[in-house]
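A.B. asks: Predicted model, plus sequence, below.
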Amino acid sequence: MIRTRTCAAIAGLLVLAGLCGCTTQTGAELTLHVGALEMESTDVPVCATIVLPDNLRDVDESAIAVTLRRQGAAAPPRPGQVLKLDETRAELWWIVPRIRAGEESRWTATFSAGRPAANTGFRWQPAAAGELDLLCDSRRVLRYMHAYDASSPERLHETYKPYHHVFDAAGEHLLTKGPGGLYTHHRGIFIGWNKMKCGEQQYDFWHMKEVTQRHQRFLKQIAGPVLARSKMLIHWMDSNEQPVVAEEREITVFRQSAPTIMLLEFRTGLTAIGGPVLLDGDPEHGGFQYRPHNDVAEGGPDVKTQYVFHAAGIDAHKDENLPWAAESYGLNGRRYSVQHMNHPDNPTPSRYSAYRDYGRFGAFFTKELAAGQTLPLRYRIQVCAGDLPPRETLMARHAAFVNPPRVDVLAGDARE
């Protein structure tokens, strides 16, 4: 979890409220301190909990503009984004382009009322029926496939589970797989278990045999200059059309610079609503997964998937509790790399199925849930153009995910 706090000298949030409230609508400012990371990292999402200026509390969060400048640096300003928590408090998000190991920094955030220019930042846009695209600066980044259609066996097969597609750097071609091809049930970014039990009944929510995962409705949609977020309710339905698991799936995509195509944080909560649940199977048929385009499976040696782990000598068939796994594969005459990051709060023991030439890989575990219990899960996926970076870079990405820099809101308006 991203940690935020005010300096010890601040007696609660009232001081911050006074600091923000005394400034004008066009120039409300806060000074923020960003703590250090153990390893150098780039394009790091950071967040602080703030008290909104009085004159912006009734303004829609999408109409609050924020500019952040690093104090003592000649670098250009960075956009910020406000996500309201309640009537007075909000999260302030921005991307720090580079944090050197052990380096701290101060930033000045300036708030004003005003919407961003058209076709800049993230925005959600419906595509075909049951498809929702995420665009960033008019480039397609992600597509949520959420149709459910039982009008024919063929159409049911195509729509029996929701999943996410990833586009290439130009926003033109898919990097992930849909229905058909090798192992038709593998679909983009997806989650499931092939031996899930509810009470005495066993269900296959991997191959989707006589069961379905059905999008019910959107719970939240956010888009701005720094991030986009979508939260949806999904019911895991048994063969009798009864829900056995209610899933609240939330994905957040952060703005990144090249060569990163997409940085996605996947959070979900699985609630056992049909009785006690056992999530079970094996690393080949369960967990949170990424599947490259089917052309990777049909290509020759030049598209073959290669894997990297946090240390040399890892055997993914045997070794448990790996912090991350990464792969590179060829597609459309280019190489792409994907890092799948596991959060330490997820259940253990876990295993990565990261060894198939066609590139389907992900983290698997087994877990029992009591009736009514919710299991929270958290992962990140980073997709980049080009081959895999050095192992140290991959390690730094994961470290910034599980131990993000601390952000303190300072009681003052100093500009050092």
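C.D. replies: Arrived safely. Residues are numbered from 1 along each chain as shown.
A.B. asks: which secondary structure element contains H340?
C.D. replies: strand 334-342 (DSSP states H and E).
A.B. asks: tell me the average confidence for that strand?
C.D. replies: Model confidence over strand 334-342, given as mean pLDDT, is 98.
A.B. asks: same deal with stretch 201-210?
C.D. replies: So the average pLDDT for stretch 201-210 ends up being 97.
A.B. asks: Can you name the residues in contact with the strand holding H340?
C.D. replies: When contacts are defined by Cβ atoms under 8 Å, 6 or more residues apart in numbering, strand 334-342 is touched by residues 168, 175, 261, 288, 290, 292, 322-330, 350, 352, 354, 361-363, 379-389, 394, 397-398, 401-402. C-betas here are computed from N, CA, C, even on glycine.
A.B. asks: which among those residues end up buried?
C.D. replies: Neighbour-count burial (16 or more other Cβ atoms under 10 Å) applied to the contacts of strand 334-342 gives 168, 175, 261, 288, 290, 292, 322-330, 350, 352, 354, 361-363, 379-385, 388-389, 394, 397-398, 401-402.
A.B. asks: Out of those residues, which sit inside strands?
C.D. replies: The strands, defined by DSSP state E, take in 261, 288, 290, 324-330, 352, 361-363, 379-385 from the buried ones among the contacts of strand 334-342.
A.B. asks: center of the chain - which residue?
C.D. replies: Nearest to the geometric centre of the chain sits E265, at 1.3 Å (Cα atoms, centre = their mean).
A.B. asks: thought that residue was touching R380?
C.D. replies: Yes: judged on Cβ atoms under 8 Å, E265 makes contact with R380 at a distance of 5.1 Å.
A.B. asks: Can you tell me which helix or strand of this structure has the lowest average pLDDT?
C.D. replies: helix 14-21 (a mean of 31; mean pLDDT, DSSP states H and E).
A.B. asks: next helix or strand past it?
C.D. replies: Criterion used, DSSP H and E; the element after helix 14-21 is strand 28-34.
A.B. asks: Relative to the helix or strand following that following strand, what are the paired strands and their orientations?
C.D. replies: Per DSSP H and E, the first helix or strand lying C-terminal to strand 28-34 is strand 41-51. Take DSSP bridges as the rule and strand 41-51 pairs in its sheet with strand 89-99 (antiparallel).
A.B. asks: May I see the buried residues of the strand it pairs with?
C.D. replies: So strand 89-99, judged by 16+ other Cβ under 10 Å, has buried residues 90-96, 99.
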